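Asker: Make a model of this:
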Amino acid sequence: MKTNKKIMVFLLICVSFNFSCRKDSEAEDRYCNKLEDLNSIDFTNSFIQKEEKVEYVPFFDVEKGDSISKEIFRDKPFFGNDVTILYSTETDSIFRGEGGSSGPGYIFNLKTSVRTDNTAPIFFVEDGRYYFKIPIDLNEGAGGKWIYLYYTKQALNSELPLSMIQAIYSKYPILSSSPNFEKLGISFGSGGWTDLNEGAGGYYVYIEGIRTEQNYHNFGYNGYPIQDILIISSTSPMSSYPNWTFVPVDLNIGAGGKYIYLCYYQSKIIFK
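Answerer: Numbers count the residues shown, from 1 in each chain. Below you'll find the model as predicted:
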């Protein structure tokens, strides 16, 4: 990627970064490594190919709060500038999200707020747990409902944290999670499994996860607990993000709007 063609916008500090820096201290070295990671992002067209038996129409605007039929699949709009916004729960102050550090611990659960207006609070309290908002609308640029993802953390104990997240999608509602996975993104209030394209047409998109287990090898994954979540909103399709596990599904798939991706970072602690 040529850095002079990509403007990286971070909500945390609301400025564009200069990709040259000095490494005069450990803190500056960590900062520079972050910026070098941005330089190596792989933008690709691999996720804009149309799925078979789905007819797309040219993009048209849908007012926020309004809804269109799930039978309507829209192309992506024309974006005049290349802009990528990243919003992370990690404790590093360069990428840290609204409300300060997400604190120690590991991701225990992810839930959603789905509304017809942009009034989702910074946090919810449910069953004695605080859930904190990641302030990127998962329907950004697509109209439809305002959908925000919330996370809660905990230490490694008898209630196991998540260790894998994936996104699944279909032309039709999905009623059950995949084998060994549990539903994530359950909505506060309604308690339903949130379609991340709700109100914006396109595919039904859901997230699901699996928890660290003592017999994790039986499930074919590494068992590392998830420490942080990253949401990316981009005007260009992507296939990876350095040092994070990239979930390769545009959460706006079929609904036009921005390319929205979810990533997660795993600690190298194995629960045994």
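Asker: which stretches of the stretch 1-150 of the chain aren't confidently modelled?
Answerer: For the stretch 1-150 of the chain, the stretches with pLDDT under 70 are 1-52, 90-103.
Asker: what are the ranges of the helices in it?
Answerer: 26-39 (DSSP state H, counting those that start in this stretch).
Asker: Quick one: the strands in it, in order.
Answerer: Using DSSP state E, counting those that start in this stretch, the strands of the stretch 1-150 of the chain run over residues 7-10, 56-57, 73-74, 83-88, 106-115, 123-126, 129-134, 146-154.
Asker: what's the closest of those strands to residue 253?
Answerer: strand 73-74 (8.9 Å; C-beta to C-beta). Heads up, the C-betas are built off the backbone N, CA and C, glycines and all.
Asker: helices and strands around the closest one, which ones?
Answerer: For strand 73-74, the packing partners by 3 or more C-beta pairs under 8 Å, 6 or more residues apart in numbering; DSSP states H and E come out as strand 56-57.
Asker: and the strand it packs on, which strands flank it?
Answerer: Partners of strand 56-57 in the sheet, by DSSP bridges, are strand 73-74 (parallel).
Asker: Please report the distance of the closest residue to residue 186 other than its chain neighbours from residue 248.
Answerer: Leaving out its chain neighbours, the residue that sits closest to residue 186 by C-beta to C-beta, 6 or more residues apart in numbering is residue 111, at 5.4 Å. For residue 111, the distance to residue 248 equals 23 Å [C-beta to C-beta, to the nearest Å].
Asker: what about the two, which has more around it?
Answerer: Between residue 111 and residue 248, counted using other C-beta atoms under 10 Å, the more crowded position is residue 111 (20 against 14).
Asker: Which residue or residues pair with the more buried one through a beta bridge?
Answerer: Beta-bridge partners of residue 111, as defined by DSSP bridges: residue 150, residue 186.
Asker: Would you check that residue 259 makes contact with residue 253?
Answerer: No - with contacts counted by C-beta atoms under 8 Å, residue 259 stays clear of residue 253, the gap being 9.1 Å.
Asker: Output the below-cut-off pLDDT ranges for the stretch 151-272 of the chain.
Answerer: 158, 213-222, 269-272.
Asker: Residue 115 and residue 154: what is the separation?
Answerer: From residue 115 to residue 154 the distance is 27 Å (C-beta to C-beta).
Asker: How about residue 234?
Answerer: Taking C-beta to C-beta, one finds residue 234 at 30 Å from residue 154.
Asker: more neighbours, these two?
Answerer: Neighbours were counted for residue 234 and for residue 154 using other C-beta under 10 Å; residue 234 has more, 21 against 16.
Asker: So in terms of bridging, what pairs with the more buried one?
Answerer: Bridge pairing for residue 234 - DSSP bridges - gives residue 84, residue 259.
Asker: what sits against it?
Answerer: Residues near residue 234 by C-beta atoms under 8 Å, 6 or more residues apart in numbering: 43, 83, 84, 85, 258, 259, 260, 261.
Asker: For those residues, give me TSV that also has neighbour count and distance to residue 205.
Answerer: Shown next, in TSV, are these (neighbours: other C-beta atoms under 10 Å; distance: C-beta to C-beta, whole Å):
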residue	neighbour count	distance to residue 205
43	18	21
83	16	22
84	22	20
85	18	19
258	27	14
259	23	13
260	28	9
261	27	12
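Asker: ok, those residues vs residue 175, which is closest?
Answerer: Nearest member of the contacts of residue 234 to residue 175, counting by C-beta to C-beta, is residue 260, at 23.4 Å.
Asker: Give me the spatial nearest neighbour of the closest one, chain neighbours excluded.
Answerer: Closest to residue 260 by C-beta to C-beta, 6+ apart is residue 251, at 4.0 Å.
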